[in-house]
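Student: need a structure here:
(chains A and B)
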Protein chains: 2
Amino acid sequence: MGLSVLKFGGTSVANPDLILAVAQRIADVRSRGNRVVVVVSAMGHTTDELVRLGDAVSSSPPRREVDMLLSSGEQVSIALLAMALNQLGVPAISHTGAQAGIRTTDSHTRARIQSIDTARILRELDAGQAVIVAGFQGVTEDGQITTLGRGGSDTTAVAVAAALAADSCEIFTDVDGVYTADPRLVPEARKLDRISYDEMLELAVLGAGVMHSRAVQFGQRYRVPIHVRHSRKSDPGTLITEENPEMENASVVGCALKENLGRVSLRDLPNKPGVDAAVFVALAQADINVDDIIQNEASNHGMNMSFTVEHRDLADIKPAMERVLAELGRGELSIDVGLSRVSAVGLGMRSHTGVAAKMFSALADAGINIFNITTSEIKISCIINRSEGEKAIKAVHAAFGLSGDQQPAVDTLTPMNAARRSTANAAN
Amino acid sequence: MGLSVLKFGGTSVANPDLILAVAQRIADVRSRGNRVVVVVSAMGHTTDELVRLGDAVSSSPPRREVDMLLSSGEQVSIALLAMALNQLGVPAISHTGAQAGIRTTDSHTRARIQSIDTARILRELDAGQAVIVAGFQGVTEDGQITTLGRGGSDTTAVAVAAALAADSCEIFTDVDGVYTADPRLVPEARKLDRISYDEMLELAVLGAGVMHSRAVQFGQRYRVPIHVRHSRKSDPGTLITEENPEMENASVVGCALKENLGRVSLRDLPNKPGVDAAVFVALAQADINVDDIIQNEASNHGMNMSFTVEHRDLADIKPAMERVLAELGRGELSIDVGLSRVSAVGLGMRSHTGVAAKMFSALADAGINIFNITTSEIKISCIINRSEGEKAIKAVHAAFGLSGDQQPAVDTLTPMNAARRSTANAAN
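Tutor: Residues are numbered from 1 along each chain as shown, chains lettered A, B, ... in the order given. Prediction:
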């Protein structure tokens, strides 16, 4: 008898009718002889509404209390789903994160799962129950309720599947699977049947909203195949899995666009040891993620540094950087807003040359300026004007032949040429 | 330094503005040097809305899942209140029933508090926190979330006050205190400054909505003075406390009306041992409370029995009684609906004679038929037509001089006379 972990997001359980439809889907999986554990998010816009309530009573709510507030949302959806299943004749029992044994760190609103004590889930499975588990939440050793941050329910599902050594982890959502690009931006985007953990991770980090990166990391670490599919269709969706030799055939499997970025530039910093540390310790303390870091030595023996941050972090970053400059006793701060990042991802970049050059050419042909470039073994990202984002992802998507049945084409520019060209553009 | 337990009901925390007002009130109590524990209900109509959601997915939701669903309501209000207090500069931390150590029986939707482990509350108080506790909910030894049934938040507050040996337990509500009768029915009703536990218990059971009987029982058992007062006024309210000699001066302190009762009559039952048991075991199994029980021997050696139940229990009672009659092999069932019960309560009945007679006279003078009478040492109840309920409570309230500064008057009919008269009326 197989064990399946199924996860349904908030849009799939947004009202009683949808909950009954989800219950029917679970009943079908169970009637095929599978034991099931179901992870559920809060209904529809519940979490947003709870956040609004919190904002109405407090300008800076303690994060512990935010978790107490938000975790009530899944408590509603798990109870309703258990009721709906019982109504369909399927014995089912709901569990909060704490009851399901999901132990986390004590970083409220962004806790990380440390361990899962599966004893209670296994006991209920053995008793013939469909086991419902609240996504997104857990409990500290001290009994404090925590939440896992954005995409937390996916992480719960994959972590539970890993802890139970489940045969499959199916992430039901409101899209058909993972696409070569966001179909809202690129209508020709094509659904992928398979994608490797590494590629999915890069795409998730770079702005593809389908799966959260932490969930993919869990899947990769514990070798849980993750099946992303539509909650109201029987289509096969996309399997996120370990890479296999075939995957290398495509140089690029997908593109992503991340909008609303700002670039922070620090100029004329003292050129001495410890300056980087001062900047990045301050960023860590302010809990701000940065990317696309460039550092170089300026002619007057001062140092320049720049990096990108999300717009929402700009309010925090200004005072943090001003304090650093005051401590260093030297340097200037400037912030540019209205930027985006367009990226291409694929395992095939390891073996195919010229991928970067192809991307830069595509952007250049579309008349798009590149402000900055970062690369990894399997991705290339370019910082561009936000207003050109949609044009950029369409150009890149087309250049790599990602739509329909086109074969990806790779030209003959070497990565070396590509790097030179990128520097030229970055200096624009 | 005193320790106060404050309880705020759902209407007092129905929206963010009201929550901020409650937080200000708590801040004021705390600024007078008191340590505070605050028990809160779910916001406004949250519980009703959750019940509606449950009804939309299930015709008979498992009671365990009902508790999972409903307990989410207080989780929202405790988190928001803790946020509001922190916003006002008062350190505050929220606790679910489980976190607050409230251990209950496993009777879901109507669990009873068995014990309270105060270690965590005391630790937070010692750390200088205002401690917020979710009312209405607890946890079983096995970690299942339970709720305490109607009025459960009052019970939580009094039980927490008892466990902490608090100096006071203040129940903040949307009325000024306990009245001689419901002011919506009897506009002349007067607020009481003090009332004994015994009197409040009788009034609570008989239909006065201010306090739930179980909360009063807890207060009485653990000698916690309960202070009922308005959440948005500084008026002193009503103190529910142990009786003192002065209280006996008034023969009747209050009246209550309970509407929507039905009378179940069983006629021509076999007149043999075990018949009563068969009926009442069936009632207990169906979880139905009955009152006003009358039993007598009919002329043909059959037995007759009648009792009252609330309308909401009528759907369950018919099949239960039909099963009993089938087992007994003899008897007829009839059910009357549209009845109410008017009651008068007072410690003074113990020492004053003629109280019952005065009540019956008042009802007779108002032209109201009495169908049944039940008495205890400190209360008299009459079953009447529902349509005459308001007239009845007004007549009784006036007869005992409960409004304004009138002195209660007691006439000279003996209880013996009263009893005879009641039988006559009951036979009507």
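Student: flag every buried residue along the biggest helix by length in chain A.
Tutor: When chain A is scanned for its longest helix (criterion: DSSP state H), the result is helix A:63-87. For helix A:63-87, a neighbour-count test (16 or more other C-beta atoms under 10 Å in any protein chain shown) marks A:63-87 as buried. Every residue, glycine included, has its C-beta placed from N, CA and C.
Student: give me every residue that touches the residue nearest to residue A:366 when sequence neighbours are not counted.
Tutor: In this structure, residue A:366 finds its nearest non-sequential neighbour in residue A:395, 4.1 Å apart by C-beta to C-beta, 6 or more residues apart in numbering or on different chains. Listed by C-beta atoms under 8 Å, 6 or more residues apart in numbering or on different chains, the contact set of residue A:395 reads A:362, A:363, A:365, A:366, A:368.
Student: quick one, phi psi at residue A:395?
Tutor: phi -60, psi -40 (degrees, to the nearest 10).
Student: how near is it to chain B?
Tutor: 47 Å (C-beta to the nearest C-beta, to the nearest Å).
Student: same check on residue A:394?
Tutor: From residue A:394 to chain B the distance is 43 Å (C-beta to the nearest C-beta).
Student: now swap in residue A:67 and tell me
Tutor: 8 Å.
Student: near chain B, which residues of the stretch 301-428 of chain A?
Tutor: Within reach of chain B by C-beta under 8 Å from any C-beta of the partner chain, the stretch 301-428 of chain A has no residues at all.
Student: and the residue of the stretch 301-428 of chain A closest to chain B?
Tutor: residue A:315 (19.3 Å; C-beta to the nearest C-beta).
Student: next structured bit after the biggest strand by length in chain A?
Tutor: What stands out as the longest strand in chain A, according to DSSP state E, is strand A:254-270. Per DSSP states H and E, strand A:254-270 leads on to helix A:275-285 as the next helix or strand towards the C-terminus.
Student: can you pull out the helices in chain A?
Tutor: Under DSSP H, chain A gives helices at A:16-31, A:46-57, A:63-87, A:119-126, A:152-163, A:197-206, A:213-221, A:275-285, A:314-328, A:355-365, A:389-399, A:415-426.
Student: which pLDDT does the model give the closest residue to residue A:209 other than its chain neighbours?
Tutor: The shortest distance from residue A:209 to any non-neighbouring residue, by C-beta to C-beta, 6+ apart, is to residue A:182 (7.3 Å). Model confidence at residue A:182, given as pLDDT, is 91.
Student: end to end on stretch A:297-307, go ahead and measure it.
Tutor: 15 Å (C-alpha to C-alpha, to the nearest Å).
Student: what residues does that stretch touch?
Tutor: So stretch A:297-307 is contacted by A:263-271, A:275-276, A:279, A:290-296, A:330-331, A:372 (C-beta under 8 Å, 6+ apart).
Student: quick one: residue A:58 from residue A:104, how far?
Tutor: 23 Å (C-beta to C-beta, to the nearest Å).
Student: mind checking pLDDT for the one residue sitting closest to the centre of chain A?
Tutor: Residue closest to the average C-alpha location in chain A (C-alpha atoms, centre = their mean): residue A:212, at 2.9 Å. Residue A:212 is assigned a pLDDT of 83 by the prediction.
Student: ok, for it, nearest residue in space, not its chain neighbours?
Tutor: Closest to residue A:212 by C-beta to C-beta, 6+ apart is residue A:151, at 2.3 Å.
Student: next, the one you found: phi, psi?
Tutor: Taking degrees, to the nearest 10 as the convention, residue A:151 sits at phi 70, psi 10.
Student: shouldn't it be in contact with residue A:218?
Tutor: No - Residue A:151 is beyond contact range of residue A:218, at 11.2 Å (criterion: C-beta atoms under 8 Å).
Student: thinking again about what came up before, and the contacts of residue A:395, which of them are buried?
Tutor: A:362, A:363, A:366, A:368.
Student: buried residues, stretch A:198-212. List them.
Tutor: Those would be A:198-208, A:210-212, for stretch A:198-212 by 16+ other C-beta under 10 Å.
Student: repeat for stretch A:233-243
Tutor: Applying 16+ other C-beta under 10 Å to stretch A:233-243 flags A:237, A:238, A:239, A:240, A:241 as buried.
Student: just name the closest of these to residue B:5, please.
Tutor: Checking these against residue B:5 by C-beta to C-beta gives residue A:240 as the nearest, at 52.2 Å.
Student: need the contact list for residue A:313.
Tutor: By C-beta under 8 Å, 6+ apart, the contact set of residue A:313 is A:286, A:288, A:289.
Student: pretty sure the last one contacts residue A:312?
Tutor: Pointing back at residue A:289 there. No - look at residue A:289 against residue A:312 with C-beta under 8 Å: they stay out of range, at 10.8 Å.
Student: mind listing what residue A:363 touches?
Tutor: A:342, A:370, A:382, A:384, A:392, A:395, A:396.
Student: quick one: it from residue A:377, how far?
Tutor: On the measure of C-beta to C-beta, residue A:363 and residue A:377 end up 21 Å apart.
Student: show me what residue A:333 is bridged to.
Tutor: residue A:266 (DSSP bridges).
Student: what does the model give it for pLDDT?
Tutor: For residue A:333, pLDDT reads 94.
Student: pretty sure it is touching residue A:323, no?
Tutor: No - under the criterion of C-beta under 8 Å, residue A:333 makes no contact with residue A:323, lying 10.7 Å away.
Student: now tell me what touches stretch A:61-68 from outside.
Tutor: Contacts for stretch A:61-68 (C-beta under 8 Å, 6+ apart): A:51, A:54-55, A:69, A:108-109, A:111, A:137, A:144-147, B:75, B:78-79, B:82-83, B:86-87, B:93-94, B:96.
Student: how near is residue A:85 to chain B?
Tutor: From residue A:85 across to chain B, the span is 9 Å (C-beta to the nearest C-beta).
Student: not counting sequence-adjacent ones, nearest residue to that residue?
Tutor: Leaving aside its sequence neighbours, residue A:85 sits nearest to residue A:92 (C-beta to C-beta, 6+ apart; 3.6 Å).
Student: count of residues packed around the one you found?
Tutor: By other C-beta atoms under 10 Å in any protein chain shown, 26 other residues sit near residue A:92.
Student: which residues touch it?
Tutor: Contacts of residue A:92 (C-beta under 8 Å, 6+ apart): A:81, A:82, A:85, A:86, A:129, A:130, A:131, A:132.
Student: looking at the residues you listed, spot the one nearest chain B.
Tutor: Distance to chain B, by C-beta to the nearest C-beta, is smallest for residue A:82 among the contacts of residue A:92, at 4.7 Å.
Student: surely the closest one is in contact with residue A:93?
Tutor: Yes - contact criterion C-beta under 8 Å: residue A:82 and residue A:93 qualify, at 6.0 Å.
Student: shared neighbours of the two, anything?
Tutor: Contact criterion C-beta under 8 Å, 6+ apart; residues shared by residue A:82 and residue A:93: A:132, B:65.
Student: one step back: tell me the two of the buried ones among the contacts of residue A:395 that are most distant?
Tutor: A:362 and A:368 (8.8 Å).
Student: burial measure for residue A:327, as a count.
Tutor: 10.
Student: and for residue A:332?
Tutor: Residues near residue A:332, counting by other C-beta under 10 Å, number 12.
Student: could you do the one 10 residues further on as well?
Tutor: Counted with other C-beta under 10 Å, the burial measure for residue A:342 works out to 32 neighbours.
Student: that one touches residue A:384, doesn't it?
Tutor: Yes - with contact defined as C-beta under 8 Å, residue A:342 reaches residue A:384; the gap is 6.0 Å.
Student: overlap in contacts, these two.
Tutor: With C-beta under 8 Å, 6+ apart, residue A:342 and residue A:384 have common neighbours A:363, A:392.
Student: with distance to residue A:402 and pLDDT added, can I get the contacts of residue A:395 in TSV?
Tutor: Output for those, formatted as TSV (distance: C-beta to C-beta, whole Å; pLDDT from 0 to 100):
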residue	distance to residue A:402	pLDDT
A:362	12	94
A:363	15	95
A:365	17	94
A:366	16	95
A:368	18	95
